[in-house]
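Q: Predicted coordinates and the sequence they were generated for:
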Amino acid sequence: PLRQAPQVSPAQRFELLKLGIADTPGIIADDRELRRSGPSYSVETLAELRSEYGQDVPLAMVIGFDAFLKLPKWHKVRDIFALAHLVIIDRPGYQMPWPQPLKELVGNREVDSVAALMESPNGGVLTLTLPSMMSISATYVRARLKAGESVRYLLPEAVEKTILQQGFYQTCE
């Protein structure tokens, strides 16, 4: 609900996701949020996952730093920490100080390693920096597509091929 309307349908985005992770063992695409009627909130998804996996299994939700900055505006955001950990992916060149509401929300939940995060089933916040110095974001990729520029090597080959064949993002505002 905090994002602008996507330029392609949810079903099309889900297909791109499946193509993008196809060669990655241990990762699955889950369409539960697409099957939900009305707005879909992360807290609802995490509650379902917590119910399925039990109270003792560590769950982690991975989000980009740009989404993390909007965290105080999320639906039932404090409940998220009772359900899962947050792993924040820091993008090169996108660092900025955390706004005060975000500092207050996170409090003393920060940990400095995956091992520390996995010591409990939920409640921690871990920031990871991508090893690549390439600053690639979905916004950047969409802008290149709209401008008719190459996105080769910025996406998995199967995702790039499908986007180009279907004309996704190439004529959208």
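A: Thanks, I have it.
Q: Low-confidence stretches in this structure?
A: 1-6, 92-95, 131-135, 172-173 (pLDDT under 70).
Q: What are the boundaries of the strands in it?
A: 60-64, 85-90, 125-129 (DSSP state E).
Q: Pull out the buried positions in the first one.
A: So the one you mean is strand 60-64. 61, 63 (16 or more other C-beta atoms under 10 Å). Any C-beta I mention is one placed from the backbone N, CA and C, and that applies to glycine too.
Q: quick one: it to strand 85-90, angle?
A: Here strand 60-64 runs at an angle of 20 degrees relative to strand 85-90 (axes from the mean of the first three to the mean of the last three C-alpha atoms, to 10 degrees).
Q: Run me through the strand neighbours of strand 60-64, direction for each.
A: strand 85-90 (parallel) (DSSP bridges).
Q: How far away from the center of its chain is the strand it pairs with?
A: Relative to the chain's own centre, strand 85-90 is displaced by 9 Å; criterion: C-alpha atoms, centre = their mean, to the nearest Å.
Q: In contact with the closest residue to residue 8 other than its chain neighbours, which residues are there?
A: Closest residue to residue 8 apart from its sequence neighbours, by C-beta to C-beta, 6 or more residues apart in numbering: residue 168 at 4.9 Å. Going by C-beta atoms under 8 Å, 6 or more residues apart in numbering, residue 168 touches 7, 8, 12, 16, 145, 162.
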